[in-house]
Every structure is written in structure tokens, then in C-alpha cells.
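Participant: A structural model of the following input is requested.
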Amino acid sequence: MRIIIRNSSDGKVMKWIKLSIFAIGALIAIPLIIVATIATISEYLAHNFISWLKEFTNTDVNW
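Facilitator: Here you go, the predicted model:
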């Protein structure tokens, strides 16, 4: 599938299309990276908290 754009002798239209595709990709990717980072940090903190809870209470908490 090819997109043929007429009257784009200097390629400005293709440049704007490529830029807009890149911008849409960045808008999708950046929040996903932020969410993944927050999830990783919170999972790490929760794991440390449960380890501390096990030591503090001397009970087996199955998580």
C-alpha cells in the first residue's frame, strides 16, 4: 500500500507525515513507560514491606 502525494516537490508533506507519526508514537509510549516505572517501584516497595512484615510479626504471609 503506497500513499502518493502530489505537488510535494521538496518532500515537506512526507516530512510532516513522518513527524506526526513519530509524535503519536511518543504520546503513546511515554505514558506507558511512566506507568511501567511506577508499577515496578511500587512492586519493589510492596515486596520489601511484606518482607519486613514477616520479620516483624514472625508469621508467614503468602503473597
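
Participant: going forward, measure contacts and count neighbours with C-alpha atoms only.
Facilitator: Noted.

Participant: Could you check how sure the model is about stretch 42-52, as an average pLDDT?
Facilitator: Average pLDDT, stretch 42-52: 90.

Participant: Below-threshold pLDDT in the protein: ranges please.
Facilitator: For the chain, applying pLDDT under 70 flags the ranges 1-11, 59-63.

Participant: Now with 80, please.
Facilitator: Where the chain drops to pLDDT under 80, the residues are 1-14, 58-63.

Participant: which residue ranges form the helices in it?
Facilitator: Taking DSSP state H as the test, the helices found in the chain are 12-57.

Participant: what's the burial count for K18?
Facilitator: 11 (other C-alpha atoms under 10 Å).

Participant: what number of residues lie near I50?
Facilitator: Using other C-alpha under 10 Å: I50 sits among 15 other residues.

Participant: Same check on W52?
Facilitator: Using other C-alpha under 10 Å, W52 has 12 other residues around it.

Participant: Tell me how far it lies from A46.
Facilitator: 10 Å (C-alpha to C-alpha, to the nearest Å).

Participant: Kindly report the same for I28.
Facilitator: Applying C-alpha to C-alpha to I28 and A46 gives a distance of 27 Å.

Participant: repeat for I34
Facilitator: 18 Å.

Participant: Please apply the same query to I33.
Facilitator: Distance of I33 to A46, computed by C-alpha to C-alpha: 20 Å.

Participant: just F22 next, same as before
Facilitator: Counting by C-alpha to C-alpha, the gap from F22 to A46 is 36 Å.

Participant: Could you do W16 as well?
Facilitator: Applying C-alpha to C-alpha to W16 and A46 gives a distance of 45 Å.

Participant: before we move on, what about K12?
Facilitator: Using C-alpha to C-alpha, one gets 51 Å for the distance from K12 to A46.
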